[in-house]
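# my questions are about this predicted structure, shown below with the sequence.
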Amino acid sequence: QVQLVESGGGLVQPGGSLRLSCAASGFVFALTFSIYDMAWYRQPPGKERELVAAITSAAGSTNYVDSVKGRFTISRDNAKKTVYLQMNSLKPEDTAVYFCNAARGNYNYWGQGTQVTVSS
């Protein structure tokens, strides 16, 4: 059973930084994790979940929603079966529950989410 566990959320002032981590378990081999496309989504209060950043399995290509470009960086460590989201220059509108996602074909897994609150 694949599990994704997010960590690193919390309360931060505007302009601050946080680094989210998503640790995957349940894969038989580390290589299996490496074939999954990984992504971070977020769901602000009262709004729908949106894609924030994604990184592909093979080439490690990345893409970001326009609102976080230049501020957020997604990366992955396949040996550790972990994906990261470095968030800099945080704004109040970044406040949301952040979810980790792993996808490959018909397989789609979600973490339980971690709260990020940006407030002074």
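Here it is on my side, so go on. Residues are numbered from 1 along each chain as shown.

# looking at this structure, which helix or strand does the model trust least?
Sorting the helices and strands of the chain by mean pLDDT, DSSP states H and E puts helix 30-34 at the bottom, at a mean of 74.

# ok, then the element right after it?
Note on helix 30-34: by DSSP states H and E, the next helix or strand toward the C-terminus is strand 37-43.

# list the helices and strands that following strand packs on?
Under the contact definition 3 or more C-beta pairs under 8 Å, 6 or more residues apart in numbering; DSSP states H and E, strand 37-43 sits against strand 18-25, strand 50-55, strand 72-77, strand 82-87, strand 96-104. Glycine gets a C-beta too; all of them are placed from N, C-alpha and C.

# pick the most deeply packed of these.
Of the helices and strands packed on strand 37-43, the one with the most neighbours on average (mean count of other C-beta atoms under 10 Å) is strand 82-87, at a mean of 23.

# mind listing the strands that one pairs with, and their directions?
strand 18-25 (antiparallel), strand 72-77 (antiparallel) (DSSP bridges).

# could you export it as CSV, CA atoms only?
Output of strand 82-87 as CSV, limited to C-alpha atoms (Å, rounded to 0.1, in the frame of the first residue of the first chain):
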residue,chain,number,x,y,z
THR,A,82,10.9,12.0,-1.3
VAL,A,83,9.7,15.1,-3.2
TYR,A,84,10.2,18.7,-1.9
LEU,A,85,8.6,22.0,-2.4
GLN,A,86,10.8,25.0,-1.5
MET,A,87,8.6,28.0,-1.0
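
# who touches it?
Strand 82-87 has contacts (C-beta atoms under 8 Å, 6 or more residues apart in numbering) with 17-24, 38, 40, 52-53, 55, 68, 71-77, 94, 98, 100, 116.

# ok, stretch 61-72 next?
Contacts with stretch 61-72, where a contact means C-beta under 8 Å, 6+ apart, come from 50-56, 73-74, 85-90, 93-94.

# the residue most central in space within the chain pairs with what?
The C-alpha lying nearest the average C-alpha coordinate of the chain belongs to residue 40 (C-alpha atoms, centre = their mean; 3.0 Å). Bridge pairing for residue 40 (DSSP bridges) gives the partners residue 53, residue 100.

# what do you get for residue 104?
Applying DSSP bridges to residue 104 yields these beta-bridge partners: residue 107.
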